[in-house]
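J.: Structure for this input, please:
(one chain, ligands or ions: 2)
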Amino acid sequence: MKIKNICCIGAGYVGGPTMAVIAQKCPDIRVTVVDINENRIAAWNDENVEKLPVYEPGLSDIVKEARERNLFFSTDVDSAIDKADMIFISVNTPTKTYGIGKGMAADLKWIELCARQIASIAKDDKIIIEKSTLPVRTAAALRDILDNTGNGVKYQILSNPEFLAEGTAVQDLLNPDRVLIGGDIDTEDGLQAIQSLSEIYERWVPKERILTTNVWSSELSKLTANAFLAQRVSSINAMSELCEKTGADVHEVAQALGMDSRIGSKFLQSSVGFGGSCFQKDILNLVYIAKSFGLNEVADYWEQVIIMNDYQKRRFANNMIQTLFNTVSGKKITLLGWAFKKDTNDTRESAAIYVADHLLNEEAEIVVYDPKVETEQIYSDLDYLKSRSKEANRQSLKVANNPYEACKDAHAIAVLTEWEEFKHYDWEKIYDNMLKPAFVFDGRNLLNMEELIKIGFVPKSVGKPEYDAKSFSGPAIAS
Ligand SMILES: NC(=O)C1=CN([C@@H]2O[C@H](COP(=O)(O)OP(=O)(O)OC[C@H]3O[C@@H](n4cnc5c(N)ncnc54)[C@H](O)[C@@H]3O)[C@@H](O)[C@H]2O)C=CC1
Ligand SMILES: O=C(O)[C@H]1O[C@H](OP(=O)(O)OP(=O)(O)OC[C@H]2O[C@@H](n3ccc(=O)[nH]c3=O)[C@H](O)[C@@H]2O)[C@H](O)[C@@H](O)[C@@H]1O
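T.: Ligands and ions are numbered 1, 2, ... in the order given. Take a look at the predicted model:
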């Protein structure tokens, strides 16, 4: 079936960029991205493309090219569903915050709402595509809802998980390692639906990178990929603490590991801990699914990735407190970076939120500077934790719009996001205006330690020896 009209429900970090790229590559297909969030849609339609709700390098140019040509953003969900022959569901699937599975299972209420809305509106056959990350076997629930309307409309349900990473979304979409399409490979209609979707990607993705599987493999592969990626970060972070104790340097260890082609060099950057909207939620979801099948050992194995990550964030904050002579009460501490990684304005589950919360519990006076994150977002992230009143958060944490102002008179600076610009600051100037000893805690191993030491800073980074490794001093082998 030749697709002419696509609707995507959900204009977020995935729906927006993914559809912008499809629209750019397929000018003959009309792509309408719909959302119930009016502000978000208004921002996608803003004349000034700098105001798009999602910041991603390269995205504004693509939106500029395709918007109003064959890419549309709208709040009219019903009409877009009605006209589409292919519907992507790209709504949020966060961890449940209530009821059975609270704190672990994925909350599928938005997915179900989409399915019910499609069922009530559709008058002709449609291909429904799961773009959101979903628990394995969700397609069965979607089918149940869609097939029981009695109006004779036929649906094909495909799973087409998205593997883009924020900050590199456009590059990832233009040049994906693979595109995964799960469908009903045992029926002619199923194969045709897979073919229709595959033809869209084939406009710019080499065919050999388009992988077709059954629906369940596709759904589970997405959760598994995120679990494996997060596991690598937790693994190297676990080693970072051992490095600090033994004189090994985690950067050198990662390099040595990465040169083994079986291990590979990516995702071995130790840090203050991983963040982002998906790693934690998807692993918790995996743990929940495993437990629901009674697979407790499988569940425990994956849960450890989260336990390690929580520990790493706590450990980083505690190390700051200890180094600052065991108290940060009343001390100005500057946090450089609030986003969960560079080149995005997304702060969901960012390590910075937890480090800040920990330091605020110890009565620190915090100043945050992030080049892309809005002030209100920072406060709303903190308020969400409910650790203290909104007023207290605003009193003890200030947001600066100039990094030098942010660092002035600080007892310590913590680098929590690896923004490129942090490397190029005038660190001498920052040093001159700080209290001494001038501590820098580099949670991303971003800055040039030797230079900082030369200036006079006392820098601390993750996974670097606590004492002079070359001197062979320090602890003996544990026996
Ligand atoms: N953020 C990322 O980098 C990636 C996310 N994913 C997955 O993609 C899905 C979406 O993630 P994001 O785009 O980050 O979420 P998001 O929260 O940025 O966007 C979801 C959008 O869906 C809208 N929405 C919810 N219910 C709706 C309904 N019934 N009708 C119309 N609009 C509705 C919300 O208003 C929101 O704007 C999630 O399942 C996530 O796990 C997958 C790969 C990467
Ligand atoms: O499902 C999703 O949402 C996406 O989740 C991740 O993408 P994302 O969270 O956007 O960003 P990553 O680059 O994976 O980084 C996640 C976190 O891990 C941290 N990280 C990453 C790599 C590393 O070596 N060390 C490290 O601490 C990052 O700083 C960040 O906080 C996956 O990389 C994507 O493939 C997936 O589509």
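J.: pretty sure Asp177 is touching Arg209, no?
T.: Yes: taking CB atoms under 8 Å as the definition, Asp177 is a contact partner of Arg209 at 7.0 Å. Where C-beta positions appear, they are placed from N, C-alpha and C, glycine not excepted.
J.: mind checking how far Lys436 is from ligand 1?
T.: Note on Lys436: its distance to ligand 1, by CB to the nearest ligand atom, to the nearest Å, is 41 Å.
J.: and that residue, that one's in a strand?
T.: No: going by DSSP: H, G, I helix; E, B strand; the rest coil, the assignment for Lys436 is coil, not a strand.
J.: tell me the contacts of it?
T.: By CB atoms under 8 Å, 6 or more residues apart in numbering, Lys436 lies in contact with Gly456.
J.: tell me the mean pLDDT for stretch 287-299?
T.: Confidence for stretch 287-299, expressed as mean pLDDT, is 97.
J.: Please compute how far it lies from its chain's middle.
T.: 24 Å (CA atoms, centre = their mean, to the nearest Å).
J.: Name the residues of that stretch that are buried.
T.: 287-291, 299 (16 or more other CB atoms under 10 Å).
J.: For the stretch 1-150 of the chain, which residue gets nearest to ligand 2?
T.: Residue nearest to ligand 2 within the stretch 1-150 of the chain (CB to the nearest ligand atom): Thr133, separated by 5.6 Å.
J.: near ligand 1 at all, stretch 136-147?
T.: No: Stretch 136-147 does not reach ligand 1 (CB under 6 Å from any ligand atom); its nearest approach is 10.4 Å.
J.: still on that earlier bit, count the residues that sit near the residue of the stretch 1-150 of the chain closest to ligand 2.
T.: For Thr133, the count of nearby residues is 25 (other CB atoms under 10 Å).
J.: Which residue lies closest in space to it, excluding its sequence neighbours?
T.: Using CB to CB, 6 or more residues apart in numbering and skipping the chain neighbours, the partner closest in space to Thr133 is Lys222 (5.2 Å).
J.: Was I right to think the one you found contacts Arg178?
T.: No: Lys222 is beyond contact range of Arg178, at 11.5 Å (criterion: CB under 8 Å).
J.: Comparing those two, which residue is more hemmed in?
T.: Set Lys222 next to Arg178 and count neighbours by other CB under 10 Å: Lys222 wins out with 23 against 13.
J.: Okay, and the nearest residue to Gly456 once chain neighbours are set aside sits in which element?
T.: Distances taken as CB to CB, 6+ apart place Tyr431 nearest to Gly456, at 5.6 Å, with adjacent residues excluded. Assigned by DSSP states H and E, Tyr431 belongs to helix 427-432.
J.: Can you tell me what sits against that helix?
T.: The contact list for helix 427-432, computed with CB under 8 Å, 6+ apart, reads 403-404, 407, 413, 438, 447, 451-452, 455-457.
J.: any chance of those in TSV, plus pLDDT?
T.: Formatted as TSV, the contacts of helix 427-432 follow (pLDDT from 0 to 100):
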residue	pLDDT
Pro403	98
Tyr404	98
Cys407	98
Ile413	98
Ala438	98
Leu447	97
Glu451	96
Leu452	97
Ile455	98
Gly456	97
Phe457	97
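J.: What about these, which one has the most neighbours?
T.: In terms of neighbours by other CB under 10 Å, the contacts of helix 427-432 top out with Ile413 at 29 neighbours.
J.: Show me which residues of the host helix or strand of that one are buried.
T.: For Ile413, the host element (DSSP H and E) is strand 412-415. By neighbour count on 16+ other CB under 10 Å, the buried set for strand 412-415 is 412-415.
J.: List just the nearest of these to ligand 2.
T.: Using CB to the nearest ligand atom, these come closest to ligand 2 at Val415, 11.9 Å.
J.: Let me see the contact set for the residue of the stretch 301-450 of the chain at minimum distance from ligand 2.
T.: Across the stretch 301-450 of the chain, no residue is closer to ligand 2 than Lys341, which sits at 3.9 Å (CB to the nearest ligand atom). Lys341 sits next to 166-167, 275-276, 417-418 when contact means CB under 8 Å, 6+ apart.
J.: 6 Å - rerun?
T.: Contact analysis of Lys341 by CB atoms under 6 Å, 6 or more residues apart in numbering lists Gly167.
J.: Got the phi and psi for it?
T.: Lys341 adopts backbone torsions of phi -160, psi 170, taken as degrees, to the nearest 10.
J.: Quick check: chain neighbours aside, which residue is closest to Lys281?
T.: In space, and not counting its chain neighbours, Lys281 is closest to Thr95: 4.7 Å by CB to CB, 6+ apart.
J.: Can you get me a residue count around the one you found?
T.: For Thr95, using other CB under 10 Å, the count is 19.
J.: thinking it is in contact with Asp282, fair?
T.: No: using CB atoms under 6 Å, Thr95 is not in contact with Asp282, being 9.3 Å away.
J.: Quick check: buried residues in the helix or strand containing the residue nearest to Thr133?
T.: Assigning secondary structure by DSSP H and E places Lys222 in helix 215-246. Judged by neighbour count using 16+ other CB under 10 Å, the buried positions of helix 215-246 are 215, 217-223, 225-227, 229-241, 243-244, 246.
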